[in-house]
Structure formats: C-alpha cells, structure tokens
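Undergrad: no sequence on hand, only this structure:
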C-alpha cells in the first residue's frame, strides 16, 4: 500500500507564539514545512495528513494547506484534548496537548491501515532522509519492523534554549533503547541534558544518535501505541495533571521491550535544522539560501 506522510502540527501555535507569527524562511514565501512536503513528494509520497487543532485550523489552511493541496492529496486530523478513550476525562485547567503518541492516534482513521512516516512540522530533515525512509516503507519488510531516521546530537542543537531529543542506543542496525530527554542544551560546544531544572547537567558523547521524530511505521504500531497511551494515562495525569504527555519515543520503547516491535535505524547525510525558537530563524534562512546555491532546491518550490 502507498505510504503516507503524517505531519504533527498541533503545537505550532504555542511553539512560535502564534501561528500568524510564522515567517517565511526564503524570499519565495516558503516555510520549513514546505521543504519537508516538497522533499516527501520527490521521494514518492503522494498524500499528507496534517495533525492540527481546531483552534489553528483556519490559519493553518490559509498559510499552508491551501497551497499544498494543489500538489498533493491532503487530509486533516485533529488533536483535541477531549479525544480520549472511554472512561478518561480532561483535568480542569488543562490546555497542553497530550503529546506525540496521542497525535498519531488522533490520525488513525486517516492513516487507514497504510504504512506511514511521521515528522514534526517545524523541523527540516532533507531530501535524502525522505528518500531512505520512503524506500524502507515501500519495501517488503516484516509487519512488526519499523524505522527511525537518526541524526548526530551535535547537529541538532540550538544556541537559543533547550530542545527535546530522543537519545538512542543502536545495536546491529536496530534501535536497542531510546529515552526522551526533554531539556537538552548546547553548553561549551557539547550536548548536555538536565532533569532537575538546571541544578545539574549530564553530558552526552559527541556522535550520539538522536531521534528528531522522523519515524516510519507499519500500521500495526497503532494498537501498540494505543495500549501504551491507555496504560500510562491515569498515573501520568495523577502525577502532573497540567503537563503530562505521552511521548512517541517512550511508547516505541515500550513496544520494543515487549518484543512486539523492532526498529531499523537509518542514517542520513542531510543536516537537520529547525525553528524551535524565533531566534533560530536567521540561521535557518542562511541554511536555506546555501541549499539553493548548491542546487538542492529551485528558488520557488511550488
């Protein structure tokens, strides 16, 4: 079955301080998400599923969707707080989405039993990364085998604050362990993470492979993710009702630990960049200009 691309975009408004504040990264008016979709189409994908919130729907379609629908089939899935399994309730005053595992589950109806890739809306992954993941998804591989494209940690950090990264251990080409670190900083030229709000920092070795949420899944992953989400929800909300999230790397690790999934780790020569913070934008603009000068992209994508 033809693989589809799932873009997690429900957090765009909060990440950037409002969806309307997303500025183009080149003179042609393209956003980072344009480059991702353009690269995905060149790799062979033909359909895009955007996971958004109803609150940003109009702005998202005006800024992105109306342009993309001229070049690819596009569907929308909605990550809403009340999209929960029976018996679960939203805590009072909760506003934060339930995390990346929940985002994928919200797109289950649109995925409709097909293999699918997953990306963040605000990260640039590069054309070779999309080609390698598409080729994997289109190949005849076991139903319980999935894929992850990994980058070197030092190539994924920003000077403007902390980022979340899935820190990976790889054994014989497969993911042995992945742990989501929520606050990874670039300090003294190396990556370090903190789990106590900066009281202490733990260094990560140069070359450490990390996940940028660029996954390739067979449809059988969805019931595994759903089971993990339901199993963790009550305890997570009891511990932190306003901020608890179920994160995709941790849910995948649970499937690996249970012997229900294997994850092939794919490498790529492409360099990641993103706009986690508004201050990252000048760097991204310079990187896009350099890629165009190298002939990777034409001046206007669409």
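TA: Looks like it came in fine. From a predicted model like this one, the values you see are computed outputs, not experimental measurements. Numbering: from 1, shown residues only.

Undergrad: these two touch, right, residue 56 and residue 12?
TA: Yes. In this structure, residue 56 is within contact of residue 12 by CB atoms under 8 Å, at 6.4 Å. C-beta: built from backbone N, CA, C; applies to glycine.

Undergrad: more neighbours, these two?
TA: residue 12 (25 against 19; other CB atoms under 10 Å).

Undergrad: hey, which strand is longest across this protein?
TA: When the chain is parsed with DSSP state E, its longest strand is strand 174-187.

Undergrad: after that one, next one along is what?
TA: Next helix or strand after strand 174-187 toward the C-terminus (DSSP states H and E): strand 190-193.

Undergrad: what packs against that next one?
TA: Contact here means 3 or more CB pairs under 8 Å, 6 or more residues apart in numbering; DSSP states H and E; on that basis strand 190-193 packs against strand 174-187, strand 202-203.

Undergrad: just put these in JSON lines and tack on mean neighbour count, mean pLDDT and distance to residue 281.
TA: Putting those into JSON lines (neighbours: other CB atoms under 10 Å; pLDDT from 0 to 100; distance: least, CB to CB, whole Å) gives the following:
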{"stretch": "strand 174-187", "mean neighbour count": "18", "mean pLDDT": "93", "distance to residue 281": "17"}
{"stretch": "strand 202-203", "mean neighbour count": "12", "mean pLDDT": "95", "distance to residue 281": "28"}
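
Undergrad: any idea which of the ones you listed gets closest to residue 133?
TA: strand 174-187 (14.2 Å; CB to CB).

Undergrad: ok now the closest one, how far from the chain's centre?
TA: On the basis of CA atoms, centre = their mean, to the nearest Å, strand 174-187 sits 14 Å off its chain's mean C-alpha point.

Undergrad: other SSEs contacting that strand?
TA: Looks like strand 174-187 contacts strand 163-171, strand 190-193, helix 248-257, strand 262-266 (3+ CB pairs under 8 Å, 6+ apart).

Undergrad: need the ones you listed in a markdown table (columns: distance to residue 155 and mean pLDDT).
TA: A markdown table is the format used below for the helices and strands packed on strand 174-187 (distance: least, CB to CB, whole Å; pLDDT from 0 to 100):
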| stretch | distance to residue 155 | mean pLDDT |
| --- | --- | --- |
| strand 163-171 | 11 | 93 |
| strand 190-193 | 10 | 94 |
| helix 248-257 | 18 | 95 |
| strand 262-266 | 15 | 98 |
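
Undergrad: among these, which comes closest to residue 66?
TA: helix 248-257 (28.4 Å).

Undergrad: give me the buried positions along that closest one.
TA: By neighbour count with 16 or more other CB atoms under 10 Å, helix 248-257 contains the buried residues 248-256.

Undergrad: quick one: the helices in the stretch 101-250 of the chain?
TA: Counting by DSSP state H, counting those that start in this stretch, the stretch 101-250 of the chain has helices at residues 108-111, 127-138, 221-239, 248-257.

Undergrad: next, the buried residues of the third one.
TA: The one in question is helix 221-239. Under 16+ other CB under 10 Å, the buried positions of helix 221-239 are 221-222, 224-226, 228-230, 232-233, 236-237.

Undergrad: and which of those is nearest residue 268?
TA: Nearest to residue 268 among these, counting by CB to CB, is residue 221 at 21.2 Å.

Undergrad: excluding chain neighbours, give the residue nearest to that closest one in space.
TA: residue 146 (6.0 Å; CB to CB, 6 or more residues apart in numbering).

Undergrad: pLDDT weak spots in this structure?
TA: Within the chain, the segments meeting pLDDT under 70 span 13-22.

Undergrad: run the angle between the longest strand of the chain and strand 262-266 for me.
TA: 50 degrees (axes from the mean of the first three to the mean of the last three CA atoms, to 10 degrees).

Undergrad: what residues are up against residue 93?
TA: residue 242 (CB atoms under 8 Å, 6 or more residues apart in numbering).
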